[in-house]
Structure formats: structure tokens, C-alpha cells
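**Q** need a structure here:
(2 chains)
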Amino acid sequence: MHEPFHRTHEEMLPERPAPLASVGLVGWLRASLFSSLSNTILTLVALYILWLAVPTFLDWAFFSGQLAGEDRFSCGNHGACWAWIDQRIGQFLYGFYPSDETWRINIAFLLLFPALAPWLMDNVPGKAHLRWFSVIYPFIAVYLLVGGFGLEEVTTDKLGGFSLNLVVGLAGIVLSLPIGILLALGRQSRLPLIRWFSIIFIEVVRGVPLITLLFVSNIILPIFLPADVALDSVIRVIVMVTAFASAYMAEVIRGGLQAIPNGQYEAAQAMGLNYWKSMRLIILPQALKISIPGIVNTFIGLFKDTTLVIVIGLFDILGIANAMVSNADWLGLSSETYVFVSFFFFVVCFAMSRYSMRLESKLDTDKR
Amino acid sequence: MTQTTPTDNDGRFEFRRILTDERSRGIVIQIAVVLAIAAFIAFITFNTITNLKSAGLATGFGFLADPAFFDINQPLIEYTSQSSFARALLVGLLNTIMVSVLGIVAATLIGFMAGVLRLSDNWLISRLVTSYVEFTRNVPVLLQIIFWWALLTGLPKVRDSLSIGDVAFLNNRGLRMPAPITEPGFLWVAIAFFLGILGAILVSRWARKRQDLTGQIFPAGWVSLGLIISLPLLVHIALGQPLGWEIPRRTRFNFQGGINLTPELIALWLALATYTGAFISEIVRAGILSVSRGQSEAAFALGLRPNLTMRKIILPQALRVIIPPLTSQYLNLTKNSSLAIVIGFQDLVSIGGSILNQSGHSLEIVGIWMAIYLSLSLATSAYMNWYNKRIALVER
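**A** The predicted structure is shown next:
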């Protein structure tokens, strides 16, 4: 029962183009916006929301926004009023730092990039020398910010604005990584007392809000210390933020340590390496590599948490913004001010998260 | 060969081997740590005693019985300014729990929706959701709380309230909403409601068992929904509508009736829900992506619709990956609710702060804070560990 096979063409037919509805713009629209009834509804709803929100926002922020003016009333009532930026940008960036000395903050900030470069990028000329530079960079930065030895001394209560966020955030990041590594190793330790100390520290710190720790630094620490010892408030904040972040860091790194197969530990022992050497040369390089996304997330969280210093009376960029919002000359500009401030955090945190994603895919050598 | 005791080959104790031998070195290190910690604690205790003595402060929790002398806005339990500090703290704790529960429910809904939508084929939707997630995640939650609060307190005055369908009103004092009023028969409606839930649970259990045995599908979802809604509704109508709504009425200066959600509560709720929701959406997305593609392809090959595939195949498997980090997000939300102090919402930390300023008992208050937050964290993680164990993959 074979159907006879009829040849209707002598030659192969030429290729026909794909249907118009499945290629090009139309095809893309159909596939990604209108592929089904529910998708079409979703698209239309989203378009409607965008149509309501985007022109309104653009009009408020840019087309009707005012860039120049002396005070609130020169701005008019319609759009956003950005005129205050010109007058207040110094406070938002430097707090109450003496205006003749702000160049020191600027230089410390610019020097940050060569100090970070050898750790963040691969192809940096003179990497070995730059690493030495990044080791001494914290001392240079502290010298520039605080002064002494030829520079005018500036007390830390003058620090404020976004530079305070950066100082607390960077100090916390630099200090919390090594402490976090030690705590993670302590939690895995075979010595029970060390293990229990690490567990209690990590769990207690992770179990309470940062705000209560800041209260501790502000109210309890003076009670705990001898009466004649007065710790600088910025240093106290850095201590607490570091303690807080290192507990989270320890858990992230513990995850990495647990992901290393036992064979690696055994192989390190078989090579005759002692504990610290096997950790430094074999285990930690692998564990830290796995934990990079978590570590960067902890950094981002830490940096965002630096805004909490306002509860103990320091004026970081958010504190300056709050003061500005209740200022009589610029009353009622809360939306403008907070949008402006959120921009700073968004740029820094978004850059960090993108960098970690890039690094993650670069280090992901297993899945090629 | 590792030596296990600091003795030489003849069994004689050798002092210098204490540090080269692994076991005795461990003991030495631990003793050193204990001594260091003990010295630190002794140092702190000594300073504390001296400082408290010189400041003339007494310690102890006796002060908690003293009257508080400050007011609390909208306490959840009976409270006057004559009530004790302990009662004030309890009001604060209840406020913390309330805002955390509200926030957790909303954040979970937002997070799951955003996580699923972000993976949608719809280009526009996934981009929109991505920008929401990226923006909210990368801006401090404190800033978001203050932003919403400033926006809400910047609303028109009571006289020019924005009306929402003439039943709710939005103004700079918050959201005035209809309040439920219950009459005597309401208890029966409530009982009917719980019976409906019970019935729904029984029906879905029976349906699952029947499907396991016979393969026949019973529309348990619709039946449950019907039971939960219609049973109390029938009782409600039969008893002459014992549940009414008190709709706020405008008077000359304010509103009469209804309940008012303060701008502080709304701002805190909104900010915590959207912020944590963004993190949860990332967790949900990662969980869904962790289910291998073969699972959804197999489901499609069986002829399941995308919706059903998500519900019956992908999500149950993804949940195993989702639950542990979800727990820590819930805990983060609870801890972040302490930021309420900045906008003046009277939660545990904020009321504790007032007591601290008034009584000077800082050590005790900070101790109470830490004890409460720690036990909340430990309780949540214990529950989640139990749940996690229950749904964990049974490996054979």
C-alpha cells in the first residue's frame, strides 16, 4: 500500500522568506509584547501606566523644573525646584568641612581610584606598585581628612554629607572583610571555645537591628569605658558598622567554605601545609571566589546602612537633606531633595552590583 | 606521625612542645581566648559600676512599673499616659509586630509577583519590573521611608482631603477609612468563616487523595473559594447583616468615625514592602531559574498550560531554594521596622528611646531591645527551619 511519490518540480524550490508577521519589528512586537491575550492586556496596562507616569515626571523634573533662583519663591509653583542645588551642593558633598579645605576631600577621593584599581581590574600597569599604594592609602586618606603635621586640623564632627557616607562605608568595607573571614574560620574551628565565641557573636549581631547597635555605641559605650576615655563619634560609628557587617560577611564566607569539597582540605593536609597555610593558599582563594556575589551584596548593604548615622545625630547626606527640607527658605522641596540624594546611592550601589555580576561571569570558569 | 601529647619519646613532659603539639596548642589558644574575654568583661563591668556610681544611677528593672507620662498615638491595647513603662513597651512591641506582619504579607505578594513577571516573555513588563527592582534595591530603605513620609505629610490639609470614592479620604493626617462595626450576631459570621476555611482544607485534602488514587481532578480551588466566601455571607444575610461599615463623615474640622491610618504607618509599610519586595523578587527569580529547563519542557510535553506548569511543576520545586533566603528577608524587614524612630512611628525602639530619655535606664532598655529582637529572630528561624525540613526534597 504505497502511495506513489509524485515529483511535481524538477528543481528545488527557492527559499521563501519567513512570514512577515514573524520577522523584523512586527515579529518582535508579536513575540515579546502581544504573544497571547494575557500578555496583550499586560502590555496595554503597562503602556497606560507609562503614559501616565513618564510625561508627568519628565515635565515635573525637567521641562517645568527651575534651575536657578534665590529661594523657594523664585521657583514658581509648577515644576520641580532645583535652584537650591547650586547653593547647597557643598553641604551635600562635604557637610560642615571648612570650605577652604574641601580640596583635601577631593584629593582623597581621587586617590581612591588608583588605590582600588589593582584589586578591581586585571590590566593595570604597575600593579605591584599600586598594591603598595593601596596599603598606605588609608593612612594618606586619614591624614588628608583630619589634618595635622602641616595641614590645618579638622575635627571629625565637621565631616558630613556624602563624604561621611563614603568614609564610614569604605572604612567598614575594608575592616569587615578580614574580620568576617576570621569569624567564618572561627565558626568552622575545631576548638570548641573559639567556635562558640564566633557563633554567639555572629548570631547576636545578626539578630538585632543596626539601630540598636548604634544606640549602644552612643549611650552604652561611654558607660563601658573609663570616664576619661572619650571615643570620637565617627570612630564609634565605624566600629559598630564594621561589627555589624562582619557578622553578615562571616555567614556569606561560611557558605563559601562549606561549598569547598572535603578533598581540598584533605589534599592541603596531605601536602603538609599547616592550618593557616592551607587556608591562605588552598581553601580561602576558592571559598572567597564563590562568595563574591554575597560579599558585594554585603558591601552594598553596608553602604546603604551608613544613612543610619542620622539617628545618633551625625549629618550624613540624608541628615543634610532632612535639614534642608525643613529650612525656611526652601520649605516643601522634599521630593526634589530626596530624589537628588537617592541618585547618589543609586549610582554607587548599582555600579557595585554590576561589577559583581561581571566578575561573577568572568570567574565562572566551570560553565563554559 | 603527629604527636598527641607534649612528651618526648621516653614519655617525659617537654615544655617547649606545648606549642608545637596540635592538641595542647589548641588548649593553650582556648585558655588565652577565655582569659582575654574574661579580662574584657571584667574591665567593662568595673567601668560600668564606677560610672553608674559616679552618675548616681541605680540599675534594675524596677523602674518598669513607674508611670510613663507620655502619650502614644493610636495604641493597639488600652494605654494612658498614667500606664507603666512596661505597658508602653508592650504597646511598642505590638506596633512592631503589626507593621512587620503587614509588611511581610505585602512584600511577599509584591516579591512573588515581581519575580514571576520579571521572567515573563513580555519585554515591556520584564523591563519595567527590572527597573523597579534595581531602583528600590539600590537606594537606602531609610531614605525611602522618609521620602514616602514626606510625600504623605505633604498631602492637602483635612479640609481639602482627596476623596477615594467618598468612602475613604486621604490627607496630611493619613488615610481615613471605613471601620467595621460588629453587632452581637457577628460571632456566628466569624465562626462560619472559620468553618469555611476548615471545609476548604478538608475538600482540598480529599481532592488530592482522590486525584492520587484515581487521577480524576476535582476543582478544589473554586470550591474552597466558594466555601470561604459564601458560608459566612449566607450566615451574614440570614442573621440580618450584623457586620456594618462605619463610613467616615466630614465635619467642620475633621472626620467623624472610621479608622485612621497615620502617615507614619503607611509610609513605613509602603517603604518596607516595596524595598523587601524587590529583594524577594530576586530570590524568587533565582529560585525559578534554579529549576532545570527540562522540567518545564517536560510539563509542556505533557500538555500542561504555562500557568499550570508554573503552579504545579516549577514553583513547588523552586520553593525549596526560595524558603531559606526568604526567611532572612522577613527577619530583615522586622529589623528594618526599627527605622520607624526616624519618622516618629512609635514602635519598640522608638518607645524604648522615649523611656530611655525619661528614666536614664539605658542599659536595661538596650538589653530589652536586644532580647526581644533576638527572640523574634530565633523564633522565626526556628519556624522556617521546621518548614524547610518539611518541604525538603526526600532523597533516597
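**Q** Residue A:109 touches residue A:170, doesn't it?
**A** No. With contacts defined as Cβ atoms under 8 Å, residue A:109 does not count as touching residue A:170, sitting 10.1 Å away. All C-beta atoms are positioned from the backbone trio N, CA, C, and that covers glycine.
**Q** And the two? Which one has more around it.
**A** residue A:170 (21 against 15; other Cβ atoms under 10 Å in any protein chain shown).
**Q** What sits closest to that one if chain neighbours are left out?
**A** residue A:112 (7.6 Å; Cβ to Cβ, 6 or more residues apart in numbering or on different chains).
**Q** got the contact list for that neighbour?
**A** By Cβ atoms under 8 Å, 6 or more residues apart in numbering or on different chains, the contact list for residue A:112 reads A:137, A:141, A:170.
**Q** Show me the strands in chain B, by range?
**A** B:162-164, B:168-171, B:174-177, B:179-182, B:243-246, B:249-250, B:255-256, B:259-261 (DSSP state E).
**Q** Could you check how many residues crowd around residue B:264?
**A** Counted with other Cβ under 10 Å, residue B:264 comes out at 26.
**Q** Which residue comes closest to it once chain neighbours are left out?
**A** Residue B:264 sits nearest to residue B:345 (Cβ to Cβ, 6+ apart), 3.8 Å away.
**Q** about what we covered before: tell me which element the residue nearest to residue A:170 is part of?
**A** If you go by DSSP states H and E, residue A:112 is part of helix A:102-120.
**Q** Now the next helix or strand after that helix: buried residues?
**A** Where DSSP H and E defines the elements, the next helix or strand beyond helix A:102-120 is helix A:127-146. Residues A:130, A:134, A:137, A:141, A:144-146 are the ones in helix A:127-146 that count as buried (16 or more other Cβ atoms under 10 Å in any protein chain shown).
**Q** by how many degrees do helix A:127-146 and helix A:102-120 diverge?
**A** 150 degrees (axes from the mean of the first three to the mean of the last three Cα atoms, to 10 degrees).
**Q** Can you give me the buried ones in the very next helix or strand once past helix A:127-146?
**A** Using DSSP H and E, the helix or strand that follows helix A:127-146 towards the C-terminus is helix A:161-187. Residues of helix A:161-187 classed as buried: A:161-173, A:175-177, A:179-181, A:183-187 (neighbour count, 16+ other Cβ under 10 Å).
**Q** same question, stretch A:64-74
**A** A:65, A:69, A:72.
**Q** Check stretch A:283-295 too.
**A** Burial within stretch A:283-295, assessed by neighbour count using 16+ other Cβ under 10 Å, is assigned to A:283-284, A:287-288, A:290-292, A:294-295.
**Q** Those residues: which two are farthest apart?
**A** Across these, the longest distance by Cβ to Cβ is 16.6 Å; it joins A:283 and A:294.
**Q** Quick one: neighbours of the residue in the stretch 151-300 of chain B that chain A sits nearest to, just the number.
**A** The nearest approach of the stretch 151-300 of chain B to chain A comes at residue B:154, 6.2 Å away (Cβ to the nearest Cβ). Here the number of neighbours of residue B:154 (other Cβ under 10 Å) works out to 13.
**Q** How about residue B:31?
**A** Residue B:31 has 11 nearby residues by other Cβ under 10 Å.
**Q** likewise residue A:339?
**A** 17.
**Q** Remind me what the helix or strand harbouring it packs against, helices and strands.
**A** Residue A:339 is part of helix A:334-363, with elements assigned from DSSP H and E. Judged by 3 or more Cβ pairs under 8 Å, 6 or more residues apart in numbering or on different chains; DSSP states H and E, the packing partners of helix A:334-363 are helix A:83-94, helix A:284-305, helix A:317-325, helix B:123-137, helix B:141-153.
**Q** can you list the residues of the stretch 251-396 of chain B near chain A?
**A** Within the stretch 251-396 of chain B, the positions near chain A by Cβ under 8 Å from any Cβ of the partner chain are B:331, B:335-336, B:338-339, B:341-342, B:349, B:353, B:356, B:362-363, B:366, B:369-370, B:373-374, B:377-378.
**Q** Of those, grab the buried ones for ChimeraX.
**A** Under the burial definition 16+ other Cβ under 10 Å, those of those that qualify are selected in ChimeraX by:
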select /B:331,335,336,338,339,341,342,349,353,356,362,363,366,369,370,373,377
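**Q** among the residues of the stretch 251-396 of chain B next to chain A, which are in helices?
**A** B:331, B:335-336, B:349, B:353, B:356, B:362-363, B:366, B:369-370, B:373-374, B:377-378 (DSSP state H).
**Q** Output stretch B:365-377 as PDB, nothing but the C-alphas.
**A** Extracted C-alpha coordinates of stretch B:365-377, given in PDB (Å, rounded to 0.1, in the frame of the first residue of the first chain):
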ATOM      1  CA  ILE B 365      16.300  49.300  77.700                       C
ATOM      2  CA  VAL B 366      19.100  48.300  75.300                       C
ATOM      3  CA  GLY B 367      19.000  44.900  77.000                       C
ATOM      4  CA  ILE B 368      15.300  44.600  76.500                       C
ATOM      5  CA  TRP B 369      15.600  45.600  72.800                       C
ATOM      6  CA  MET B 370      18.200  43.100  72.100                       C
ATOM      7  CA  ALA B 371      16.400  40.300  74.000                       C
ATOM      8  CA  ILE B 372      13.200  40.900  72.100                       C
ATOM      9  CA  TYR B 373      14.700  41.200  68.600                       C
ATOM     10  CA  LEU B 374      16.900  38.200  69.300                       C
ATOM     11  CA  SER B 375      14.000  36.100  70.400                       C
ATOM     12  CA  LEU B 376      11.900  37.200  67.400                       C
ATOM     13  CA  SER B 377      14.800  36.200  65.100                       C
END
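**Q** can you tell me how far the residue nearest to residue A:170 sits from residue A:159?
**A** 16 Å (Cβ to Cβ, to the nearest Å).
**Q** domain ranges for the chain?
**A** Just so you know, I chose chain A. Here the domain assignment for chain A is A:34-63, A:98-153, A:159-326+A:343-363, based on automatic domain parsing.
**Q** The chain in question should be chain B.
**A** Taken from automatic domain parsing, chain B resolves into B:15-55, B:89-154+B:263-391.
**Q** number of nearby residues for the residue nearest to residue B:306 when sequence neighbours are not counted?
**A** Ranked by Cβ to Cβ, 6+ apart and with sequence neighbours excluded, the top spatial neighbour of residue B:306 is residue B:300, at 7.9 Å. Per other Cβ under 10 Å, the neighbour tally for residue B:300 reads 13.
**Q** Please apply the same query to residue B:157.
**A** The burial count for residue B:157: 9, using other Cβ under 10 Å.
**Q** Next: residue A:198.
**A** Neighbours of residue A:198 using other Cβ under 10 Å come to 21.
**Q** what secondary structure does it sit in?
**A** Following DSSP: H, G, I helix; E, B strand; the rest coil, residue A:198 is assigned to helix.
**Q** residues in contact with the nearest residue to it once chain neighbours are set aside?
**A** With sequence-adjacent residues excluded and distances taken as Cβ to Cβ, 6+ apart, residue A:198 is closest to residue A:186, at 3.4 Å. Residues near residue A:186 by Cβ under 8 Å, 6+ apart: A:194-195, A:197-198.
**Q** Okay, now the unreliable bits of chain A?
**A** A:1-7, A:76-77, A:364-368 (pLDDT under 70).
**Q** Work out which residue lies at the spatial centre of it.
**A** Per Cα atoms, centre = their mean, the C-alpha nearest to the average position across chain A is that of residue A:300, at 2.8 Å.
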